[in-house]
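Peer 1: Any chance you can model this:
(chains A and B)
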Amino acid sequence: MSIRHGLLALLARGPRYGYQLRAEFEASTGSTWPLNIGQVYSTLSRLERDGLTVRVGADEEGRFIYRISPEGAEEVRRWFRTPIARTDRPRDELAIKLAMAVTSPGVDVRDVVQAQRTATLRTLQDLTRLKADGPAVPPEAGERAWRLVLESMIFQAEAEVRWLDHCEAYVLRASTLPEPAPEPTPERSSATETAAAPEETKR
Amino acid sequence: MTILEMREVSRDHGTGAGLVHALREVTLVVGPGKFVAVMGPSGSGKSTLLTLAGGLDAPTRGSVTVEGADLGSLSATALSAVRRRSIGYVFQDLNLIPGLTAVENVMLPRELDGVATRKARAQARVALEEVGLTDLADRFPDEMSGGQQQRIAIARALVGDRRLVLADEPTGALDSQTGDDVMRLLRARCDAGAACLMVTHDARHAAWADRVIFLRDGFIVDAGSRPGPETLLEGAR
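Peer 2: Purely as a prediction, here's the structure:
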């Protein structure tokens, strides 16, 4: 989640104090990504350095007010226009684990899949409970924003479960295929066929 | 009291080389207010479990009890009375009768059960109100959207305060928002004291349940009891 663009989008609505930005950011994401005030001010100072915001005066308690610059406003518009590339996200640990499970002898992929599916379903149940506690369409805009964030997490968990189902079916299907001829390993590439026989018992 | 109790239930199809164990020694207890989802790959026994729970088929071994009545010990007449009075069915194929209005479709099971037309109509109105479709009571199925038809089918399953609701892929081809509305209805019915057993392949919908049971090759591989290590033991059968 881009804090930088989130704060900039809030400033596009009008000048705000730092603590105000923090509160509004958290309110519109249902406190899914809590911010500490230090993150807010360090982000604001970078935005100021890059000419996207301007610090305008201070109130009687010495708190600064921040205002978006025309360049900042353009940056917000650009952000909303530009899709987020999937490659910008970190590597998927689960996909790596499954890939390893499939190629590791002695690991039952179905057990790995089942353990993960149970855990992901529980997350999905917890998220759904949060959703079920509210009305189908919340009357307040902030609540609706939070609902969309919640739905995003629900859809991601659902996608993970569907992918796990797919992995299980795929592995099952592969297991009914005839075992391919063992690949020659470097040490035995010129050795006799009988040398490979004991290894064929592995799954 | 439990509403649905399945004890060591097995269902075999065919004999000899063609013998298929559709369901194997499944024990499942669903109490009032509980919403249980059943998931699993195709052919894992999900639909078999549901038809056995609903008394639409009899187990090869084991017992199925609905609201205290052991279905295996009932006469055909008594069994169909339990099916009409205690159990509501929601299937993907809605089976709404095109020549009847919404309210007539909903009151039909009550009338079949010998309830006077006036009373059946009043009960149907209550069920329609529960699914939020009072306004459409006099419309015919083909004058309604898919989501509305599905809600009519649910009202028909709920009418007359049936305590066990069995649902097989009840969201069918509905979009995610309408599917959520259907889940909300089933959840509300459970919160009001019914028991619901739902087969689905959709994790998003299963997540509305209190428990998610996972079947594979006719066995329960995950009983969905949360949380705790005993789940692992059950999984190891």
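Peer 1: Every contact and neighbour count from this point should use C-alpha atoms.
Peer 2: OK.
Peer 1: Okay, A:G38 and chain B: tell me how far apart.
Peer 2: 37 Å (Cα to the nearest Cα, to the nearest Å).
Peer 1: wait, I meant A:V107
Peer 2: Taking Cα to the nearest Cα, one finds A:V107 at 16 Å from chain B.
Peer 1: Could you list the low-pLDDT ranges of chain B?
Peer 2: Scanning chain B for pLDDT under 70 picks out B:173, B:225-237.
Peer 1: Mind splitting it into its structural domains?
Peer 2: In terms of domains, chain B is parsed into B:1-86+B:163-237, B:95-161 (source: automatic domain parsing).
Peer 1: Equivalent analysis for chain A, please.
Peer 2: What automatic domain parsing lists as the domains of chain A is A:3-87, A:90-175.
Peer 1: for the longest one, the distance to its chain's centre please.
Peer 2: In terms of Cα atoms, centre = their mean, to the nearest Å, the centre of domain A:90-175 is found 12 Å from the chain centre.
Peer 1: Up against chain B, what does chain A have?
Peer 2: A:118, A:121-122, A:124-126, A:128-129, A:132, A:136, A:154-155, A:158, A:161-162, A:165, A:169 (Cα under 8 Å from any Cα of the partner chain).
Peer 1: Kindly reformat the domains of chain B as a markdown table containing mean neighbour count and distance to chain A.
Peer 2: Listed next are these as a markdown table, based on neighbours: other Cα atoms under 10 Å in any protein chain shown; distance: least, Cα to the nearest Cα, whole Å:
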| stretch | mean neighbour count | distance to chain A |
| --- | --- | --- |
| domain B:1-86+B:163-237 | 19 | 4 |
| domain B:95-161 | 19 | 13 |
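Peer 1: These: which one's closest to A:A12?
Peer 2: A:A12 sits nearest to domain B:1-86+B:163-237 of all the domains of chain B, at 31.2 Å, using Cα to Cα.
Peer 1: Pull the contacting residues for residue 69.
Peer 2: By default, I'm working from chain A. A:51-54 (Cα atoms under 8 Å, 6 or more residues apart in numbering or on different chains).
Peer 1: I figured B:G31 was touching B:V66, is that so?
Peer 2: No. Contact criterion Cα atoms under 8 Å: B:G31 and B:V66 do not qualify, at 10.4 Å.
Peer 1: Look up the residues that both of these two are in contact with.
Peer 2: Residues touching both B:G31 and B:V66 by Cα under 8 Å, 6+ apart: B:3-4.
Peer 1: residues touching B:V9, list them.
Peer 2: B:23-27, B:59-64.
Peer 1: Give the helix, strand or coil label for it.
Peer 2: strand (DSSP: H, G, I helix; E, B strand; the rest coil).
Peer 1: Now do the helices in chain A.
Peer 2: Secondary structure of chain A (DSSP state H): helices at A:3-11, A:18-28, A:37-49, A:70-81, A:93-103, A:109-133, A:141-175.
Peer 1: now the ones you listed in CSV, with distance to B:D222 and mean pLDDT?
Peer 2: As requested, the helices of chain A are exported to CSV (distance: least, Cα to Cα, whole Å; pLDDT from 0 to 100):
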stretch, distance to B:D222, mean pLDDT
helix A:3-11, 40, 90
helix A:18-28, 37, 88
helix A:37-49, 43, 93
helix A:70-81, 43, 90
helix A:93-103, 20, 80
helix A:109-133, 8, 90
helix A:141-175, 14, 88
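Peer 1: Now render those helices as CSV, adding mean neighbour count.
Peer 2: Formatted as CSV, these follow (neighbours: other Cα atoms under 10 Å in any protein chain shown):
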stretch, mean neighbour count
helix A:3-11, 19
helix A:18-28, 18
helix A:37-49, 16
helix A:70-81, 15
helix A:93-103, 13
helix A:109-133, 18
helix A:141-175, 16
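Peer 1: nearest to B:D142, of those?
Peer 2: helix A:109-133 (30.4 Å).
Peer 1: what angle separates the closest one from helix A:141-175?
Peer 2: Angle, helix A:109-133 to helix A:141-175, by axes from the mean of the first three to the mean of the last three Cα atoms, to 10 degrees: 160 degrees.
Peer 1: Sounds good, over and out.
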